[in-house]
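S.K.: heads up, no residue letters with this:
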C-alpha cells in the first residue's frame, strides 16, 4: 500500500499462492496479485537488465536475480540468491533446494554476491573493507571464489538437510 504508484510486484505463481493464502488469513492485506514472474524473465531498469531464475527451496517460489554491476566502468556479474535459508520441512522442498543450489553453482562467472540478508556473504565485513579502499585496490565485493564457496556450503547444508528429511520420512 505504500509502494510508488507505478511500482509493480512480481512473484512466481507459487509465492503468489502462498501470499494470497496468508492474506486470506488476515495476516497481510496490502498487495493484490500483480506480475507473475517465470524462469528467464527479464526487467530492464535504465541500463541494467535483471534476469530472473526460479530457485525454489526456501519457499516454492524463490526468485534469484542476475545482473551486471559496474566498478569504475568495469562490468562484473552480480547475483542475488533469493532464498538461502533452510527453515522449511519435507523431502520434496529439500530436493528443490539442493537442485536449485546445483543450478546456481553451474552458472558461470558470478563475481559479486549480493545476498538478500546482509549477515550472509560477509556483507558487513566487505562494507568495512570498502570504506578504506584506495584507488587501484580490488573491490571487496568482487570475489567469485567466495561466491562459489558460499554456494558449495549451501549445497552441503542442503544435502545434509535432505538426508535428515528422508530419514524422518522413512525413505
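M.R.: Sure, I can see it. It should be emphasised that the depicted structure is a prediction, and the values quoted were computed from it without experimental measurement.
S.K.: pLDDT below threshold where in the chain?
M.R.: 1-5, 24-29 (pLDDT under 70).
S.K.: how about a cut-off of 50?
M.R.: Within the chain, no range satisfies pLDDT under 50.
S.K.: ranges for the strands of it?
M.R.: Shown for the chain, the strands assigned by DSSP state E span residues 10-11, 35-36, 42-45, 48-54, 63-71, 74-80, 112-113.
S.K.: and those strands as JSON lines, adding distance to residue 164 and mean neighbour count?
M.R.: To be clear about C-beta, it is placed using only N, CA and C from the backbone, and glycine gets the same treatment. Listed next are the strands of the chain as JSON lines, based on distance: least, CB to CB, whole Å; neighbours: other CB atoms under 10 Å:
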{"stretch": "strand 10-11", "distance to residue 164": "28", "mean neighbour count": "18"}
{"stretch": "strand 35-36", "distance to residue 164": "33", "mean neighbour count": "12"}
{"stretch": "strand 42-45", "distance to residue 164": "37", "mean neighbour count": "11"}
{"stretch": "strand 48-54", "distance to residue 164": "25", "mean neighbour count": "17"}
{"stretch": "strand 63-71", "distance to residue 164": "24", "mean neighbour count": "17"}
{"stretch": "strand 74-80", "distance to residue 164": "27", "mean neighbour count": "16"}
{"stretch": "strand 112-113", "distance to residue 164": "26", "mean neighbour count": "23"}
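S.K.: what comes into contact with stretch 120-138?
M.R.: Residues outside stretch 120-138 that contact it (CB atoms under 8 Å, 6 or more residues apart in numbering) are 84, 113-115, 118, 139-141, 143, 146-147, 150.
S.K.: which among the residues you listed count as buried?
M.R.: Among the contacts of stretch 120-138, the ones that count as buried by 16 or more other CB atoms under 10 Å are 84, 113-115, 139-141, 143, 146-147, 150.
S.K.: now the two most distant members of these.
M.R.: 84 and 139 (22.3 Å; CB to CB).
S.K.: redo the strands of the chain as TSV? Include distance to residue 17.
M.R.: Putting the strands of the chain into TSV (distance: least, CB to CB, whole Å) gives the following:
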stretch	distance to residue 17
strand 10-11	9
strand 35-36	10
strand 42-45	22
strand 48-54	14
strand 63-71	14
strand 74-80	22
strand 112-113	29
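S.K.: for residue 64, name its beta-bridge partners.
M.R.: Listed beta-bridge partners, residue 64: residue 53 (assigned using DSSP bridges).
S.K.: how far away is it from residue 124?
M.R.: 21 Å (CB to CB, to the nearest Å).
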